[in-house]
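Engineer: Provide a 3D model corresponding to the input given below.
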Amino acid sequence: QQQRLGLTRVILGMESTGHYGNALARWLQDHGQEVVQVNPATVKRNKENRDNRPSKNDAKDALTIADSISRGYYHDWSWHEGTYRKLRCVVNEYEALSTDLTAIGNRLQRLLDEGFPEFLRVFKKWNGPRAIATLKAFPLPEDLKHRTIEQVIEGWRTTAMSRAGGKRGREIAARLLAAARASVGVTDIAPELRRNIQRLLEQRERLLADQEQVMNEILALLGQL
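Structural biologist: Now for the predicted structure:
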């Protein structure tokens, strides 16, 4: 077709669809090809103009994209400098880790709703330092019912919690023991709930460590810009 019409230039066009065409577009550009992007909104409008139908299929989309390019409705496919692309990659990684941490928090709260529904009456947040120390040492009411205030504080210390005791620590320990002794949480699946809570806490610690590492990478990249 190019020889028959006497054309000397080829433009390869793609619809802007997130990351899906990035690898192919980069490969084509590295091999000397001209690659452009067409806005999805332009494709949608022109698609209906071709046959007055909103139908969508690959062949029709390809024709619509080619028609849009022939009319000049496109923009060049450009790449950011390497540091910007690295930054975008690690920021996406950080956001994914944040999403995973949120999911773990939701699962932990569901487990507490079953096994220790009074937990959040004692602690305002499940992920505060003392709440996390409690989940590590005493995840369920039966782990607390026969403890003393001193034993609860000592349990917090075994989780490497700083400033576990003091007046405030004793007050919270007393409230925690009272809540555990009056708890209406289920007991028949206590071992399973305990195992799930411990596993989620371990996953959370790994994700937090990964997130800290990624944040350090983000700060280092920002320093290069």
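Engineer: Can you classify residue 49 by secondary structure?
Structural biologist: What DSSP: H, G, I helix; E, B strand; the rest coil gives for residue 49 is helix.
Engineer: How many neighbouring residues does it have?
Structural biologist: Applying other C-beta atoms under 10 Å, we find 9 residues neighbouring residue 49. C-beta here means a position set from N, CA and C on the backbone, and glycine is covered the same way.
Engineer: Roughly how far does it sit from residue 57?
Structural biologist: Distance of residue 49 to residue 57, given as C-beta to C-beta, to the nearest Å: 16 Å.
Engineer: So residue 67 sits against residue 46, correct?
Structural biologist: Yes - between residue 67 and residue 46 there is a contact under C-beta atoms under 8 Å: 6.2 Å.
Engineer: What segments of this protein are strands?
Structural biologist: For the chain, strands defined by DSSP state E occupy the ranges 11-15, 34-38, 75-76.
Engineer: For residue 215, find the nearest of those.
Structural biologist: Across these, residue 215 has its closest neighbour in strand 34-38 (31.6 Å, C-beta to C-beta).
Engineer: centre of the chain versus that closest one, how much separation?
Structural biologist: Taking C-alpha atoms, centre = their mean, to the nearest Å, one finds strand 34-38 lying 31 Å from the centre of the chain it belongs to.
Engineer: helices or strands up against that strand?
Structural biologist: strand 11-15, helix 22-30, helix 58-70, strand 75-76 (3 or more C-beta pairs under 8 Å, 6 or more residues apart in numbering; DSSP states H and E).
Engineer: Can you say which of these is nearest to residue 136?
Structural biologist: Closest to residue 136 of these is helix 22-30 (C-beta to C-beta; 42.7 Å).
Engineer: now the closest one against strand 11-15, angle please.
Structural biologist: Angle, helix 22-30 to strand 11-15, by axes from the mean of the first three to the mean of the last three C-alpha atoms, to 10 degrees: 170 degrees.
Engineer: What residues of helix 22-30 count as buried?
Structural biologist: The neighbour-count check on helix 22-30 (16 or more other C-beta atoms under 10 Å) flags 25, 28 as buried.
Engineer: Then stretch 101-113?
Structural biologist: Buried positions in stretch 101-113, judged by neighbour count with 16+ other C-beta under 10 Å: 101, 104, 108, 111-112.
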